[in-house]
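Colleague: Sequence below, structure please.
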Amino acid sequence: MLEKERQNPMFATLPVTALRTFEAAARLRSFKLASAELAVTPTAVSHQIKLLERQVGVALFDRVPRGVRLTDSGARLFASVHGALLEIAHTLDALRPEPASGALTLSTTHSFAALWLVPRLGRFHQAYPQYQLNLQTGADAVDLLQDASVDVAVRYSRQRYPALHTAATLPEWFGVYGAPTQIAQLNKRTPPPTSPPTPALVTVRWRDSDLYDQGWRAWCQAAGLPAWQAPSAVHAYEEEHYALQAAIAGQGLVLASSVMVSDSVRAGTLAAYRPQVRVPGAAYQALCAPGRERHPPVKAFLAWLTQEFQA
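Modeller: Residues are numbered from 1 along each chain as shown. Got it, this is the predicted structure:
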């Protein structure tokens, strides 16, 4: 069987240069940028892509005004080629006496990092002291197929990402929370209130400002309350972790994610108001480029993160 594999001409006909050129052009979505990365001319990139398209018999790119876009066939090939090249790079790295990289870079939002991830990272460092985690936070989603400097992203979204590897998912729901003393006072009210329970609200200025208002209306509807009336006081913050700190300080009630408040509720600094009333949310998804999940630091982190999500 081994002798037969040695005689198999399949590998001899693989267009290795064209595939490497294709991977760069697909990842960067530009023949020009691919030529700069590979230190060849744009004409040479275009030539290699045409050779590959002739060999497979289908178009791999659609030419668009500002670059190129993968066809369905191109996207399928890219997932395979990108993963294979990553696997080869990781294997070469592992064979070195001193591997070049024992680090990984994670991209996520400020709030998820501050309220959920960072308090748990000590367990990752304890389990895998040989790996260094570099944390990047921001509101803009990183293109994992184009930005090779980022290994993993944790995104909050209802979307699916078929071009990426989804390693773990953490679902959530929304509820109303406040300082325990404030919640205790509200729970003493008899009969139960038929209007919003407090004139003071803590809100978050999300990019789409209507989303937070829609969340409040959905919660009121689920609670059997009339539409939220204009409160006498509104304390608005740019980030969720600021809003939760304001609620902990007794500034008002906050509509918050079950994921974001989990540690505060467990510590007793926040309590749920009418905890049976929940509004469906989206989910936090741990994503990486196909093939990168096999890189030892990434594999270790995703395994740890999956356990934390399940817990």
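Colleague: just the strands in this structure please.
Modeller: Along the chain, the segments classed as strands by DSSP state E run 61-64, 67-70, 103-108, 132-137, 152-157, 165-178, 200-204, 233-237, 253-257, 271-273, 279-288.
Colleague: Ok, which of these comes nearest Ala18?
Modeller: Closest approach to Ala18 among the strands of the chain (CB to CB): strand 61-64, 12.8 Å. Bear in mind the C-beta positions are built from the backbone N, C-alpha and C, glycine included.
Colleague: Relative to the closest one, what are the paired strands and their orientations?
Modeller: Using DSSP bridges, the strands paired with strand 61-64 are strand 67-70 (antiparallel).
Colleague: Pull the residues that contact the partner strand.
Modeller: Residues external to strand 67-70 that are found in contact with it (CB atoms under 8 Å, 6 or more residues apart in numbering): 25-26, 29-32, 60-62, 78.
Colleague: circling back to that earlier point, got the strands of the chain as CSV, with distance to Ala303 and mean neighbour count columns?
Modeller: Output for those, formatted as CSV (distance: least, CB to CB, whole Å; neighbours: other CB atoms under 10 Å):
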stretch, distance to Ala303, mean neighbour count
strand 61-64, 36, 12
strand 67-70, 30, 18
strand 103-108, 12, 20
strand 132-137, 14, 14
strand 152-157, 12, 20
strand 165-178, 9, 20
strand 200-204, 32, 21
strand 233-237, 35, 14
strand 253-257, 24, 24
strand 271-273, 31, 19
strand 279-288, 11, 19
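Colleague: Serialize these to a markdown table and add fields for mean pLDDT and distance to Thr306.
Modeller: Shown next, in a markdown table, are those (pLDDT from 0 to 100; distance: least, CB to CB, whole Å):
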| stretch | mean pLDDT | distance to Thr306 |
| --- | --- | --- |
| strand 61-64 | 87 | 35 |
| strand 67-70 | 85 | 29 |
| strand 103-108 | 92 | 14 |
| strand 132-137 | 92 | 16 |
| strand 152-157 | 91 | 12 |
| strand 165-178 | 91 | 4 |
| strand 200-204 | 80 | 28 |
| strand 233-237 | 78 | 31 |
| strand 253-257 | 90 | 20 |
| strand 271-273 | 93 | 27 |
| strand 279-288 | 91 | 8 |
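Colleague: Go through those strands and name the closest to Ala300.
Modeller: strand 103-108 (8.5 Å).
Colleague: orientation of the closest one relative to strand 152-157 in degrees?
Modeller: Counting by axes from the mean of the first three to the mean of the last three CA atoms, to 10 degrees, strand 103-108 lies at 10 degrees to strand 152-157.
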